[in-house]
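Chemist: this one's structure only:
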């Protein structure tokens with residue numbers, strides 16, 4: 001057997017689906033085997049993929065054993081002359097494996113090979129070629145000197161920036177996302193060291209290959225897409241901890257004496273430095289934004305009040321006591337309105353900020369009319385204060401987006417101008433999939449796979465001319481008439497500001513990623529749940545809180561009407577503190593949008609009672625509830641089952 005391909009999967013089944021489609025095309029002229037090790041994924045990966053790919057050997061682990069251990073598990077089953085460790089969030093061209101094997105066979109001194117990798121925008125991924133870590137290279141990378149001098153042999157040694165990315169080169173470190181080795185080499189030097197859970201194991205293996213007298217090569221004559229679909233993001237505390245701990249293990253294992261001590265000092269410095277920045281960013285994302293906004297809103301009202309007093313209404317003096325009550329009250333109203341308008345969703349959208357300002361201003365003016373006379377002041381202060389707050393908050397969001405603390409909705413696959421590259425049939429299939437997934441892209445039209453098709457905007461071979469004249473933010477490539485190789489070649493020609501996704505004809509998913517630092521994005525029918533929408537989730541929580549609060553303050557009434565009133569009041573309290581929800585799923589399906597434990601199932605029956613019904617029926621009801629969720633539906637179910645809310 002010529003080639004064994006080992007893929008370790010964890011919760012990226014739709015990326016893996018596209019990956020396997022490309023791999024099966026790439027092994028057609030080879031004797032090969034494909035081994036997938038699933039590390040206890042919770043997204044039903046094997047149940048979903050095994051029927052689609054009967055020739056693939058799927059191995060299901062009962063726990064997440066990590067990347068290194070998963071690769072070794074696959075290696076024990078491998079019979080190929082060459083071994084390829086491949087990430088599940090990659091797409092390979094049809095001629096990739098043949099070219100790689102031919103190159104390795106032409107280099108008797110070669111131990112292993114890595115490849116040119118691109119992100120979801122076609123941008124070259126620097127981790128395709130790296131040197132071994134050292135104190136100085138780590139220092140230059142940590143303090144940004146490698147970015148300032150990307151071609152310097154001194155400052156950019158970590159990613160070997162001085163080597164041409166389009167030329168084959170001998171390098172130190174191969175990326176674990178695509179690492180092809182000769183079987184005889186791995187038998188001699190040993191497989192991955194399982195002390196590395198994730199990150200660092202590829203550096204360690206690359207080091208041992210060189211130490212055994214072999215060479216590692218960077219191969220630039222073929223390119224793959226690496227979407228970064230895995231769940232551990234580069235900006236997260238978990239990534240920082242795992243990555244730098246892996247570096248520390250590598251140093252202790254291979255470097256000795258003072259060099260190891262110096263390196264470990266820099267590693268711990270990097271951990272504290274990056275952890276501090278990440279902690280600040282995470283605090284702002286999760287809790288700090290409303291506090292920062294509150295400060296800006298208070299500042300806006302105070303500034304406008306002073307300007308109004310100084311230049312327009314010099315005859316009026318407002319009491320400080322009233323201002324200390326009114327301004328914070330107005331700020332709270334503003335923030336509540338902003339929250340329910342969607343300002344604190346994961347993705348920042350300027351339209352939501354504008355909507356928040358309008359809603360908040362209306363709420364403030366309405367509340368103003370109900371305030372006692374002594375707490376009122378000019379409506380102009382409210383209006384112009386809201387306008388100034390809008391400007392300051394907009395400026396704050398711009399700064400946070402530039403610093404990568406927040407993500408702009410421009411990077412999200414919704415409400416954007418999209419072109420679909422494919423045949424007429426593929427175009428129809430893709431648009432139907434987008435509609436089923438609930439996405440609201442503005443599809444501008446079809447780009448044909450051949451010349452002179454009358455119903456197309458133009459040919460994909462002229463994609464650069466098309467995107468130069470049409471406001472495009474995303475391109476979806478269909479693999480069917482076009483090959484994966486043609487898609488990857490075209491991807492490298494489009495501007496990096498345009499994101500790309502890939503859909504293989506006959507599959508039920510579209511995958512992509514906007515950059516190396518963000519997790520991959522998936523479009524499938526599983527996205528089409530209304531319950532997953534942040535707005536609907538906020539309204540659902542508001543319904544839970546209002547009903548619980550109202551029930552608690554009117555508790556004597558319910559003693560006469562609700563069965564098991566003590567349990568009812570307990571449920572009210574648990575829902576109020578967000579330990580339960582009034583209406584939820586009858587089953588424990590993990591692929592549906594997450595909900596807390598429910599009091600009543602979405603079929604209108606208390607959860608314990610609904611367990612007696614057939615599981616298939618309950619799963620279908622749960623699916624309909626998540627897909628077609630309407631807030632009014634919860635209220636109707638709660639009213640209908642009012643007497644049984646204590647069961």
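Modeler: Happy to help now that I have it. Remember, predicted model here, so these are calculated numbers, not experimental data.

Chemist: Helix or strand: which one has residue 445?
Modeler: Counting by DSSP states H and E, the secondary-structure element that holds residue 445 is strand 442-448.

Chemist: Check for me that residue 111 belongs to a helix.
Modeler: No. With DSSP: H, G, I helix; E, B strand; the rest coil as the criterion, residue 111 is strand rather than part of a helix.

Chemist: just to revisit the earlier point, and for the strand holding residue 445, what's in contact with it?
Modeler: Residues from elsewhere that reach strand 442-448, judged by Cβ atoms under 8 Å, 6 or more residues apart in numbering: 415-424, 427, 431, 434, 455-460, 463, 466, 470, 472, 475. Using the backbone N, CA and C atoms, a C-beta is placed for each residue, glycine as well.

Chemist: Neighbouring strands - and their directions - for that strand?
Modeler: Strand 442-448 has the following strand partners under DSSP bridges: strand 417-421 (parallel), strand 458-459 (parallel).

Chemist: Quick one: these as CSV, columns for mean pLDDT too.
Modeler: CSV is the format used below for those (pLDDT from 0 to 100):
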stretch, mean pLDDT
strand 417-421, 91
strand 458-459, 90
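
Chemist: which of these is buried the deepest?
Modeler: Neighbour counts averaged per stretch over those are highest for strand 417-421, at a mean of 23; criterion: mean count of other Cβ atoms under 10 Å.

Chemist: For the stretch 301-450 of the chain, which segments are assigned as strands?
Modeler: With DSSP state E, counting those that start in this stretch, the ranges of strands along the stretch 301-450 of the chain come out as 347-348, 407-408, 417-421, 442-448.

Chemist: quick one: low-confidence ranges for the stretch 151-300 of the chain?
Modeler: When residues are selected by pLDDT under 70, those of the stretch 151-300 of the chain lie in 195-200, 229-264, 266-275, 277-279, 281-282, 284-287.

Chemist: now the helices for it?
Modeler: Remark: helices of the stretch 151-300 of the chain, listed N- to C-terminal, are 183-189, 201-211, 237-254, 257-283, 289-307; assignment by DSSP state H, counting those that start in this stretch.

Chemist: Show residues contacting the first one.
Modeler: Put plainly, it is helix 183-189. Residues outside helix 183-189 that contact it (Cβ under 8 Å, 6+ apart) are 4, 75, 78, 80-83, 111-112, 205, 208-209, 211-212, 214.

Chemist: 10 Å instead, please
Modeler: The contact list for helix 183-189, computed with Cβ atoms under 10 Å, 6 or more residues apart in numbering, reads 1, 3-4, 75, 78-83, 85, 104, 110-112, 179, 181-182, 192, 205-214.

Chemist: Mind checking which of those are buried?
Modeler: Burial of the contacts of helix 183-189 was assessed by neighbour count (16 or more other Cβ atoms under 10 Å); the buried members are 3-4, 75, 78, 80, 82-83, 85, 104, 110-112, 179, 181-182, 192, 205-210, 214.

Chemist: Of the contacts of strand 442-448, which belong to helices?
Modeler: Among the contacts of strand 442-448, the ones falling in helices (DSSP state H) are 424, 427, 431, 434, 463, 466.

Chemist: how close does the last one get to residue 338?
Modeler: Spelled out, it's residue 466. Taking Cβ to Cβ, to the nearest Å as the criterion, residue 466 is separated from residue 338 by 39 Å.

Chemist: between the two, which one's more packed in?
Modeler: A count of neighbours by other Cβ atoms under 10 Å puts residue 338 above the other of residue 466 and residue 338, at 24 against 21.

Chemist: just checking, the more buried one touches residue 361?
Modeler: No. The pair residue 338 and residue 361 fails to qualify as a contact (Cβ atoms under 10 Å) at a distance of 11.0 Å.

Chemist: Quick check: neighbours shared by the two?
Modeler: What both residue 338 and residue 361 touch, as defined by Cβ under 10 Å, 6+ apart, is the set residue 389.

Chemist: Let me see the ranges of the helices in the stretch 501-647 of the chain.
Modeler: So, for the stretch 501-647 of the chain - with DSSP H, counting those that start in this stretch - the helices run 534-553, 555-558, 565-576, 607-610, 615-627, 631-640.

Chemist: Now tabulate these in CSV and tack on mean pLDDT, mean neighbour count and distance to residue 439.
Modeler: CSV is the format used below for the helices of the stretch 501-647 of the chain (pLDDT from 0 to 100; neighbours: other Cβ atoms under 10 Å; distance: least, Cβ to Cβ, whole Å):
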stretch, mean pLDDT, mean neighbour count, distance to residue 439
helix 534-553, 86, 16, 15
helix 555-558, 83, 12, 43
helix 565-576, 89, 18, 32
helix 607-610, 67, 15, 32
helix 615-627, 81, 17, 14
helix 631-640, 88, 14, 22
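
Chemist: I'd like the ones you listed written out as JSON lines, with distance to residue 596 added.
Modeler: Putting the helices of the stretch 501-647 of the chain into JSON lines (distance: least, Cβ to Cβ, whole Å) gives the following:
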{"stretch": "helix 534-553", "distance to residue 596": "9"}
{"stretch": "helix 555-558", "distance to residue 596": "22"}
{"stretch": "helix 565-576", "distance to residue 596": "8"}
{"stretch": "helix 607-610", "distance to residue 596": "12"}
{"stretch": "helix 615-627", "distance to residue 596": "14"}
{"stretch": "helix 631-640", "distance to residue 596": "13"}
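
Chemist: With respect to residue 27, which of these lies nearest?
Modeler: Each of the helices of the stretch 501-647 of the chain was scored for nearness to residue 27 using Cβ to Cβ, and the closest is helix 615-627 (35.9 Å).

Chemist: Which strands or helices does the closest one pack on?
Modeler: Other elements packing on helix 615-627 under the criterion 3 or more Cβ pairs under 10 Å, 6 or more residues apart in numbering; DSSP states H and E are strand 580-584, strand 597-601, helix 607-610, helix 631-640.

Chemist: Give me the distance from it to the chain's centre.
Modeler: Computed by Cα atoms, centre = their mean, to the nearest Å, the chain-centroid distance of helix 615-627 equals 26 Å.

Chemist: Kindly report the same for stretch 430-441.
Modeler: Taking the mean of its C-alpha atoms, stretch 430-441 sits 19 Å from the chain's own mean (Cα atoms, centre = their mean).
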